[in-house]
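> Got a predicted structure here, sequence first:
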Amino acid sequence: MKRRLLLAAPLPFTLSGCVVGAQTLTRDIPAADPLANESILVIGFTKRYRVHIVSGTRTPGGWASDETPMSSAVVVNTYPEDGYIVARVPATTGSRVYGLTAVMPDAAGFAHFKACAGNMTPVFEAPAGKVIYVGAVGVSAAGKGVQVHKGAPASLEEVRQQLAGRFPTLAAAVQPEPMRMERLMKALCMNFAG
């Protein structure tokens, strides 16, 4: 199955506040662009759900979201197209991480996932100066909602082929940086009517 890539264009607002940090990619990145304090994420996705990726900190036993009732930690808020999300984000260092905390369908009234404390969620680092493929996220039914899990990742060669036509510099630079499923220890959790 041939997949194409979407370049993440963050929406100006989320349910909990403004999106911070991500940039829309509309063309290839020049080879001279050092991505000094940034990283480019490539994430496979099995369904067309709106995806929230938030910043956080690794803690004993898992990780904690930066979201609070007064501020958003959402860095990426977009839909995958043809199986992929691609976004330019601030790099993480030390105990800083990104985690997927929400997937919502593009039609109201359908099942969604919003991570609360105790949920297992995909978590990954974004090393400075790198184009990384963190793998694929799967979405499956779970009671009245959905759950997220690690999906079957595309091969690195398949990801490179998808990028090559429009983003040859990115294609040449992409490398694996696998996500992990980790327990969310602290989160702003709002349960939406499904």
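It's in. Residues are numbered from 1 along each chain as shown.

> For the chain, name the helix or strand with the lowest mean pLDDT.
Taking mean pLDDT, DSSP states H and E as the measure, the helix or strand of the chain with the lowest value is strand 13-14, at a mean of 32.

> Any regions of the chain where pLDDT drops low?
Within the chain, the stretches falling below the threshold (pLDDT under 70) are 1-28, 31-34, 81-82, 107-111, 188-194.

> the strands in it, which residues?
Residue ranges of the strands in the chain, as given by DSSP state E, are 13-14, 17-18, 38-45, 49-59, 62-65, 74-78, 84-90, 96-105, 113-114, 120-124, 131-142, 145-150, 174-176, 180-186.

> mind listing what Val131 touches?
Under the criterion of CB atoms under 8 Å, 6 or more residues apart in numbering, the neighbours of Val131 are Leu35, Ser39, Ile40, Val42, Leu170, Ala173, Val174, Gln175. Any C-beta I mention is one placed from the backbone N, CA and C, and that applies to glycine too.

> Including distance to Leu163, could the strands of the chain go into CSV?
Shown next, in CSV, are the strands of the chain (distance: least, CB to CB, whole Å):
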stretch, distance to Leu163
strand 13-14, 27
strand 17-18, 29
strand 38-45, 8
strand 49-59, 19
strand 62-65, 28
strand 74-78, 17
strand 84-90, 8
strand 96-105, 20
strand 113-114, 28
strand 120-124, 18
strand 131-142, 8
strand 145-150, 21
strand 174-176, 6
strand 180-186, 24
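
> Of all these, which one is nearest Val159?
For the strands of the chain, the distance to Val159 is smallest for strand 131-142, at 5.0 Å, taking CB to CB.

> Compute the distance from the centre of the closest one to the centre of its chain.
How far strand 131-142 lies from its chain's middle: 8 Å, per CA atoms, centre = their mean, to the nearest Å.

> Stretch 167-184 too?
Counting by CA atoms, centre = their mean, stretch 167-184 is centred 10 Å from the centre of its parent chain.

> likewise stretch 56-64?
17 Å.

> now do stretch 44-54
Per CA atoms, centre = their mean, the centroid offset for stretch 44-54 relative to its chain is 7 Å.

> Next: stretch 79-91.
Here the centre of stretch 79-91 is set off from its chain's centre by 6 Å, with CA atoms, centre = their mean.

> Check stretch 44-59 too.
Taking CA atoms, centre = their mean, the mean C-alpha location of stretch 44-59 is offset from the chain mean by 4 Å.

> Buried ones in that stretch, by neighbour count?
Under the neighbour-count criterion of 16 or more other CB atoms under 10 Å, stretch 44-59 has 44-56, 58 buried.

> then it to PDB, C-alphas only?
As requested, the backbone C-alpha atoms of stretch 44-59 are provided in PDB (Å, rounded to 0.1, in the frame of the first residue of the first chain):
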ATOM      1  CA  GLY A  44       2.600   6.800  10.800                       C
ATOM      2  CA  PHE A  45      -1.100   6.800  11.700                       C
ATOM      3  CA  THR A  46      -3.700   4.100  10.800                       C
ATOM      4  CA  LYS A  47      -6.800   6.200  11.000                       C
ATOM      5  CA  ARG A  48      -7.900   9.700  10.100                       C
ATOM      6  CA  TYR A  49      -8.300  11.200  13.600                       C
ATOM      7  CA  ARG A  50      -7.200  14.700  14.800                       C
ATOM      8  CA  VAL A  51      -4.100  14.200  16.800                       C
ATOM      9  CA  HIS A  52      -2.800  16.200  19.800                       C
ATOM     10  CA  ILE A  53       0.900  15.800  20.700                       C
ATOM     11  CA  VAL A  54       1.900  17.700  23.800                       C
ATOM     12  CA  SER A  55       5.100  18.500  25.600                       C
ATOM     13  CA  GLY A  56       6.000  17.000  28.900                       C
ATOM     14  CA  THR A  57       8.600  15.700  31.300                       C
ATOM     15  CA  ARG A  58       9.700  12.100  32.000                       C
ATOM     16  CA  THR A  59       9.000  11.200  35.700                       C
END
